[in-house]
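Chemist: can you look at this prediction? I've put the sequence above it.
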Amino acid sequence: MTTEPENNRTIHLREHYTIIKHLFKWTVLVIPIALMIGSAIAFFLWILGAAIHFRFAHFWLLFLLPLAGVLIHFIYQSVGKSSERGNNLIMDEIHQAGGGVPKRMAPIILLTTVITHLFGGSAGREGTAVQIGGSIASMFGGWFKLKGIDMRMVLTAGVAAGFGAVFGTPLTGAIFAMEVLTIGKIQYDALLPALIAAIVGDMTVSAWHVTHVHYQIEALPVAAPFVVSDIFHFDLLLLGKVILASAAFGLASYLFAGMVHEIKMICGKIFKHKWMIPVFGGLLIIGLYYLNGKPDYLSLGVDAEHAGAITIPSAFHTGGSDPFSWLWKTIYTTITLGTGFKGGEVTPLFYIGATLGNTLSGLLDAPVSLFAALGFIAVFAGATNTPLACTVMGIELFGGEHALLFAVACFTAYFFSGHSGIYSAQRIAVPKIFADEYADEASLSEAMKRRGYLHQKMSKYGITTKRKKDE
């Protein structure tokens, strides 16, 4: 019988002592941060809901949207300053430490998001939650004297806590915080802090008795066997329909990201005085309301403003959305966010995906609630380039029965959205497009600028942006 050498036991004990020390350190560091982020998110969700329902009762507030936009503009010009870069600033700080994430980012984004929704702007809440998380985490990181990789990990944990808390999806929050930084690459060094932060943040929101909307996929009808379906014990016809729909979800993501980018670029060129941009955006939203005659595409789109309103929950039922509801919401939200109003993109992306899924289910003769759920997560996956996190989100929100279809939808949409996305600071480690023309694109900012309308115009007149390899 052989015995383990003494020096090997010493090495093993030292290794596990280091692991336990690491666990203890990050548990102690992250729990107070996540408690504060969770409490801030609970307050944000409560006040946001109150503002939205106040506008439901006082519809005339919509006509003050241009003035609200001017107010938001001057808030950022006077006290916001660098915090206006929002999520992109946090992502840049995680990639490489710079000027830091300002403490004022959290209260300012909370205030300006509530203003946007109070006056009828079409926006979401994830961007706000992530910025609240990043700002609070950075503040604690400064108090704890963290630097380098430790500050990077605590910022990632803050993002995870904010995202997990606002949607009630802690596992998704942890994966999202790591996956969203770089396309095609996940760094696991922040796995433990991110997971702890996301779980504690979500538990804190629950402790404040703030609840989330629950969605449900109805039981699927028993389908007739299709060719070899009996052999594989899988509905291959349904799988084909899911792949086809998911390509459309990816293109919807591409359209959304491209429109936000182009509207910002074009407005920045047209208007000499920047405060005029939100005035223009607010007037366009009011004009769109009169054009389609319904308030359904304002604000979040979760709660119904009137009986029969098109909302995310209604999209899970037959007749719960119009054929072009997804396009209307795309136009409303890209104008709102592209002209300087604040809030996130994700809840509108859920709306766009769910209503597009509803429409496609009719065209493809597919289950409505299943396709609404697939659109819900897949358009988000394409726009944020986070297919793994969105697959997990599908499981957390809708259960694991359709996990395979969730993965097929999210990964297909991810590829069809191309090198586009709502976070311009997102870097590209592994290109989606395997062609020499796209191989040197290092970030989404660079990729979208090249494909943009203005870039095309500049190229037409010989004003081109040089590529790195040519410099």
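Modeler: Received it, and whenever you're ready, just let me know what you need.
Chemist: quick check, pLDDT for the closest residue to residue 158 other than its chain neighbours.
Modeler: Nearest in space to residue 158, with sequence neighbours left out and distances taken as CB to CB, 6 or more residues apart in numbering, is residue 137 at 2.5 Å. Every C-beta, even on glycine, is put in place using the N, C-alpha and C of the backbone. pLDDT, the model's per-residue confidence, is 94 for residue 137.
Chemist: wait, is residue 137 part of a strand?
Modeler: No - the assignment for residue 137 is helix, going by DSSP: H, G, I helix; E, B strand; the rest coil, so no strand is present there.
Chemist: look up how far residue 263 lies from it.
Modeler: In this structure, residue 137 lies at 31 Å from residue 263, with CB to CB, to the nearest Å as the measure.
Chemist: one more: residue 247?
Modeler: From residue 247 over to residue 263 the distance is 25 Å, taken as CB to CB.
Chemist: neighbour count: the two, which is higher?
Modeler: Relative neighbour count places residue 263 above the other of residue 247 and residue 263, with 20 against 17, counting by other CB atoms under 10 Å.
Chemist: so that one makes contact with residue 339?
Modeler: Yes - using CB atoms under 8 Å as the test, residue 263 is close enough to residue 339 to be in contact (6.6 Å).
Chemist: quick one: the helices in the stretch 301-450 of the chain?
Modeler: 325-338, 346-364, 368-384, 387-398, 403-416, 444-451 (DSSP state H, counting those that start in this stretch).
Chemist: residue contacts, residue 157?
Modeler: Contact analysis of residue 157 by CB atoms under 8 Å, 6 or more residues apart in numbering lists 26, 30, 33, 34, 137, 177, 190, 193, 194, 196, 197.
Chemist: I'd assumed it was in a strand, is it?
Modeler: No - the assignment for residue 157 by three-state DSSP gives helix, which leaves it out of any strand.
Chemist: relative to residue 143, how far out is the residue nearest the centre of the chain?
Modeler: Among the residues of the chain, the one closest to the centroid is residue 346, at 4.0 Å (CA atoms, centre = their mean). Taking CB to CB as the measure, residue 346 falls 30 Å from residue 143.
Chemist: residue 203 now?
Modeler: Distance, residue 203 to residue 143, using CB to CB: 23 Å.
Chemist: higher neighbour count, those two?
Modeler: residue 203 (15 against 10).
Chemist: are we agreed that the more buried one is in a strand?
Modeler: No - the assignment for residue 203 by three-state DSSP gives helix, which leaves it out of any strand.
Chemist: could you find the closest non-adjacent residue to it?
Modeler: With CB to CB, 6+ apart as the measure, residue 38 is the residue that lies nearest to residue 203, at 7.0 Å, once sequence neighbours are left out.
Chemist: in which helix or strand does the one you found reside?
Modeler: For residue 38, the host element (DSSP states H and E) is helix 6-57.
Chemist: and after that helix, which helix or strand comes next?
Modeler: From helix 6-57 onward toward the C-terminus, using DSSP H and E, the following helix or strand is helix 65-75.
Chemist: quick one: average pLDDT of that following helix?
Modeler: What helix 65-75 shows for mean pLDDT is 95.
Chemist: that one packs against which elements?
Modeler: Contact here means 3 or more CB pairs under 8 Å, 6 or more residues apart in numbering; DSSP states H and E; on that basis helix 65-75 packs against helix 105-118, helix 276-292.
Chemist: flag every buried residue along the longest one.
Modeler: So that's helix 276-292. Along helix 276-292, these residues count as buried under the neighbour rule (16 or more other CB atoms under 10 Å): 276, 277, 278, 279, 280, 281, 282, 284, 285, 286, 288, 289.
Chemist: low-confidence ranges in the stretch 351-471 of the chain?
Modeler: By pLDDT under 70, the weakly predicted segments of the stretch 351-471 of the chain are 434-441, 448-471.
Chemist: name the nearest residue to the residue nearest to the centre of the chain, sequence neighbours excluded.
Modeler: residue 126 (3.6 Å).
Chemist: all helices of the stretch 151-300 of the chain, in order?
Modeler: 170-179, 191-207, 229-232, 236-270, 276-292.
Chemist: now the fourth one against helix 325-338, angle please.
Modeler: Going back to what we said before, that points to helix 236-270. Relative orientation of helix 236-270 with respect to helix 325-338: 30 degrees, computed using axes from the mean of the first three to the mean of the last three CA atoms, to 10 degrees.
Chemist: other SSEs contacting helix 236-270?
Modeler: Where contact means 3+ CB pairs under 8 Å, 6+ apart, helix 236-270 is packed against helix 276-292, helix 325-338, helix 346-364, helix 368-384, helix 403-416, helix 444-451, helix 453-460.
Chemist: what angle do that helix and helix 403-416 make?
Modeler: Using the same axes, to 10 degrees, the interaxial angle of helix 236-270 with respect to helix 403-416 works out to 40 degrees.
Chemist: for helix 236-270, buried residues please.
Modeler: 237-239, 241-242, 245-265, 267.
Chemist: chain center to it: distance?
Modeler: 14 Å (CA atoms, centre = their mean, to the nearest Å).
Chemist: quick one: mean pLDDT over that helix.
Modeler: Helix 236-270 shows a mean pLDDT of 93 in the predicted model.
Chemist: flag the shaky bits of the stretch 101-250 of the chain, pLDDT-wise.
Modeler: Per-residue confidence for the stretch 101-250 of the chain (pLDDT under 70) gives these ranges: 222-233.
Chemist: mind running it again at 50?
Modeler: For the stretch 101-250 of the chain, no stretch is flagged by pLDDT under 50.
Chemist: these two touch, right, residue 382 and residue 255?
Modeler: No - in this structure, residue 382 is not within contact of residue 255 by CB under 8 Å, at 9.9 Å.
Chemist: just to revisit the earlier point, top of the contacts of residue 157 by neighbour count?
Modeler: Ranked by the number of neighbours (other CB under 10 Å), the contacts of residue 157 place residue 197 first, at 38 neighbours.
Chemist: so what's that one up against?
Modeler: Residue 197 makes contact with 30, 33, 34, 37, 137, 157, 158, 160, 161, 164, 173, 174 under the criterion CB under 8 Å, 6+ apart.
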